[in-house]
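Novice: everything below, folded, please.
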Amino acid sequence: MDVGRIRVSRRSALAAGAAGIAGAGGLAGGTASAEPPRHIRVRGLREPVELIEDRYGVPHLYARNEDDVFLAQGFNAARVRLFQIDLWRRRGLGRLSEVLGPDYVAQDRATRLFLYRGDMAAEWARYSPDARRIATRFTAGINAYVDWLDAHPDRLPEEFGLLGYRPARWEPEDVVRIRSHGLTRNLTGEVERARVACAAGPDADLVRQGLQPDHRVTVPEGFDPCALPEDVLDVFELATRNVEFTDGAIRTTAPRDRANEGSNNWVVSGRRTATGRPVLANDPHRAYAAPSLRYLAHLSAPGLDVIGAGEPALPGISIGHNGTVAFGLTIFPVDQEDLYVYALDPADPRRYRYRDGWERMTVLRERVPVAGEKDHTVELAFTRHGPVIRTDERRGLAYAVRTAWLEPGMSPYFGSVAYMRARTFREFTEAMRNWGAPTENQIYADTAGNIGWVPGGLAPRRADYDGLLPVPGDGRYEWDGFHSGDDLPRSLNPAEGFIATANQFNLPPEYRDMRLGYEWTNPFRHQRITEVLTKQHRHTVADSRALQNDQLSIPARRLTALLTGLDSRDPGLRRALRLLRGWDAVESADSAAAALFEVWLSQHLGPGFVRAAVPKAAGIIKDADTLVLLGELENPGRWLPDVPARDRLLLDTLRTAHTQLSERLGRDESAWQWGRLHHTLFAHPASAALDHDDRLRFDVGPFPRGGSPDTVNQSSYRTTDYRQTNGPSFRMILDVGNWDSSLAINTPGQSGTPTDPHYRDLATPWRKGDYFPLAYTREAVERVAERRVVLWPG
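Specialist: Numbering: from 1, shown residues only. Predicted coordinates for the structure are as follows:
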């Protein structure tokens, strides 16, 4: 396919696709005014399934058996998110070139290095006894919708017309073989730390990334941090990137910023709520896109009645409740990756040193179908530890990734098919025993009044090293298997009456010698959550709603306190000091002080601290760890010589920040607003290939945005343009036991079809901090029903 012709053919493709979808009415996510077909024949169903889509775009699927409810879930996922899940599958399997041409061969090769290639019987067994059956029925549902499109080609989502290909059919194994979309760590951290260690020694890296618990990093024997090639991670990053399209070219997005892909959750015991029932709240933080990365659904069949959110390409529900038990997750930052460095045999670069001899790499040759060309053949090399991502022939070195996510049972989020059916805390912890990825803090509540915390994830045992730097692959640094899920901490009904996690360091003291990981998210969101919950003894759903939208910045509160007593003769600096001293540290979108503070911290104070603290690494460390920065500013002596040096740093960097903001927003500080800089845009993957008018249809936003990476209402952003990169696109608050009083939001909308009102209808409520009722009982669902379809065996 000639990608340079996308724009030439786009208009007709978009028009045809839009017309087809509108004609499909409710079935293909068309306009609300179109009456949907009431009866649809679906291949593979055994009995009829009723699909009720409510006014917020949430599908409620009522089946007479579990097999049919999972098939209907797959059919419905394809109905509303077909382009999204088809692109997910093609990217994850390394099948992009097949439809998009030779520009994608390198990415396909990279992705194939990280496919699961192990024993499939062991793989299915790690999830649940019926995991394969569930995946089989779910993918049969996707395929049934693709079959339906064959009979109704005018209903094909318009992106396929734009890009000139058709959706593929799925195999059950596609659900679990794809691993490269998961949130794992710390490969990139190892490489960044090695670069700093080369320039200024390993201690200097503590300015970039503080370690918890306190730990002194030493360079492993046999590893030279200055030998790492600049492009050592190129293949890995290519394998884990999403896809975007541009006019006349194809490109991939920048790698995910894993450090900021966190979440918040908390659960409050009935002893501390106004109703006597637990309240459970969760807001995962993921990259922003249109459509959303998560999808809400309700699956109801004899023995199963679960509602909540999941990944649209996977069966089951990973965040929600089943009428008895409620569950929500955040990242629990276990270190599941290591970079291994090998000395190559000078006589044969396919052999590497291992212990006292040489081992041969396993080399696979695979055909990659390429649109418009003959198939390409790619080579995939593997050591005993994992895929080879770089060979440095000049130095005689090779680099391979050892990662837990290539072990059985590591398909991200698919393990939820086990715990979503739990009825007690014991059953829930048993289901979490084999949880692989992502590593999670699961919080729990049930209708008996219990609350709990169950972390999970496949954690390597590293006996003789810490996993913080690359290591030689010659046998000196090996994993001694994995910790069992039972080795991890648990908590049931704590005395505090609530549990909160926000990716912070939360290992109890007796677990800190397990070497689970040292790179945890800074504690500011957790501190604010705990600060609020501790003061509330009659907590309500409304209180959780306010807390999820809270934009108070603890770093701002601590930093502005340091400005007390400082002054300057410079008029601009004096105005800056006055603005920040009178501020309540709430980073609302209309706040002038928030605009100044964030520009100061991210572009001036943080980088200025790096230059002062570790000048040799200033060209490598782009910004300082905020927790380390605050600790040194409050108690100088390790990285800064004394208080006067600290004060000079504060004033000098605040002056330059004020000058920059004056140039950007004008000299009238009363007109400054954080939201004039900081904004949210939910961009469609094909957005850059569209003209202005079509981009307005596919993209949602931009919107002014408040908050920061350190507020509960998390809002990480690029410092180049202040565009938000990720945050809480999905939020949920569960009133445990009175389920119809629960709330949810999923922005920009539930649908993946731009012509469907549910494509963007939740964006405005989301930005205002609003929610919709998450109807669960049949009576409540009927009150908000909007579209009805009966799926018949066909």
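Novice: so where is the stretch 101-250 of the chain shaky, pLDDT-wise?
Specialist: 244, 246-250 (pLDDT under 70).
Novice: now the helices for it?
Specialist: 105-113, 120-125, 131-151, 158-163, 174-177, 187-200, 234-239 (DSSP state H, counting those that start in this stretch).
Novice: and for the stretch 401-550 of the chain?
Specialist: Under DSSP H, counting those that start in this stretch, the stretch 401-550 of the chain gives helices at 416-419, 425-432, 524-535, 541-548.
Novice: got it, and the stretch 601-750 of the chain?
Specialist: So, for the stretch 601-750 of the chain - with DSSP H, counting those that start in this stretch - the helices run 606-613, 626-634, 643-665, 674-677, 692-698.
Novice: quick one: which of those is nearest residue 487?
Specialist: Counting by Cβ to Cβ, residue 487 lies closest to helix 626-634 out of those; the figure is 27.6 Å. (Each C-beta comes from the backbone N, C-alpha and C, glycine too.)
Novice: ok so, going back, would you list the helices of the stretch 401-550 of the chain in JSON lines and tack on mean neighbour count and mean pLDDT?
Specialist: Formatted as JSON lines, the entries for the helices of the stretch 401-550 of the chain read as follows, by neighbours: other Cβ atoms under 10 Å; pLDDT from 0 to 100:
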{"stretch": "helix 416-419", "mean neighbour count": "25", "mean pLDDT": "98"}
{"stretch": "helix 425-432", "mean neighbour count": "19", "mean pLDDT": "98"}
{"stretch": "helix 524-535", "mean neighbour count": "19", "mean pLDDT": "98"}
{"stretch": "helix 541-548", "mean neighbour count": "20", "mean pLDDT": "98"}
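Novice: residue 644: which of the ones you listed is closest?
Specialist: Going by Cβ to Cβ, the one of these nearest residue 644 is helix 524-535, 27.5 Å.
Novice: and that closest one with helix 541-548, angle?
Specialist: With axes from the mean of the first three to the mean of the last three Cα atoms, to 10 degrees as the basis, helix 524-535 and helix 541-548 are set at 150 degrees to each other.
Novice: what stretches of this protein score poorly on pLDDT?
Specialist: The low-confidence ranges in the chain, as defined by pLDDT under 70, are 1-37, 244, 246-261.
Novice: need the phi and psi values for the residue of it positioned farthest from its centre.
Specialist: No residue in the chain sits farther from the centre than residue 569, which is 46.4 Å out by Cα atoms, centre = their mean. Dihedral angles of residue 569 (phi, psi; degrees, to the nearest 10) stand at phi -80, psi -10.
Novice: nearest to residue 697, out of the helices of the stretch 401-550 of the chain?
Specialist: Nearest to residue 697, of all the helices of the stretch 401-550 of the chain, is helix 541-548, at 29.7 Å by Cβ to Cβ.
Novice: and the closest one, what does it pack onto?
Specialist: Contact analysis of helix 541-548 by 3 or more Cβ pairs under 8 Å, 6 or more residues apart in numbering; DSSP states H and E lists strand 263-268, strand 279-284, helix 524-535, strand 730-735 as its packing neighbours.
Novice: show me what the last one pairs with in its sheet, parallel or antiparallel.
Specialist: Spelled out, that is strand 730-735. Applying DSSP bridges, strand 730-735 is found paired with strand 279-284 (antiparallel), strand 743-746 (antiparallel).
Novice: and those, which is most packed in?
Specialist: Of all these, strand 279-284 carries the top mean neighbour count, a mean of 28, counting by mean count of other Cβ atoms under 10 Å.
Novice: contacting residues around the spatially most central residue of the chain?
Specialist: Nearest to the mean C-alpha position of the chain, counting by Cα atoms, centre = their mean, stands residue 286 at 3.6 Å. Counting by Cβ atoms under 8 Å, 6 or more residues apart in numbering, residue 286 touches 261, 293, 294, 726, 729, 730.
Novice: now residue 778
Specialist: Per Cβ under 8 Å, 6+ apart, neighbours of residue 778: none.
Novice: 10 Å instead, please
Specialist: 52, 60, 62, 300, 305 (Cβ atoms under 10 Å, 6 or more residues apart in numbering).
Novice: that older thread, top of the contacts of residue 286 by number of neighbours, please.
Specialist: Highest neighbour count within the contacts of residue 286: residue 729, with 26 neighbours (other Cβ atoms under 10 Å).
Novice: if we can go back for a sec, save the helices of the stretch 601-750 of the chain as a markdown table, and put in mean neighbour count too.
Specialist: Below are the helices of the stretch 601-750 of the chain laid out as a markdown table (neighbours: other Cβ atoms under 10 Å):
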| stretch | mean neighbour count |
| --- | --- |
| helix 606-613 | 21 |
| helix 626-634 | 19 |
| helix 643-665 | 18 |
| helix 674-677 | 22 |
| helix 692-698 | 14 |
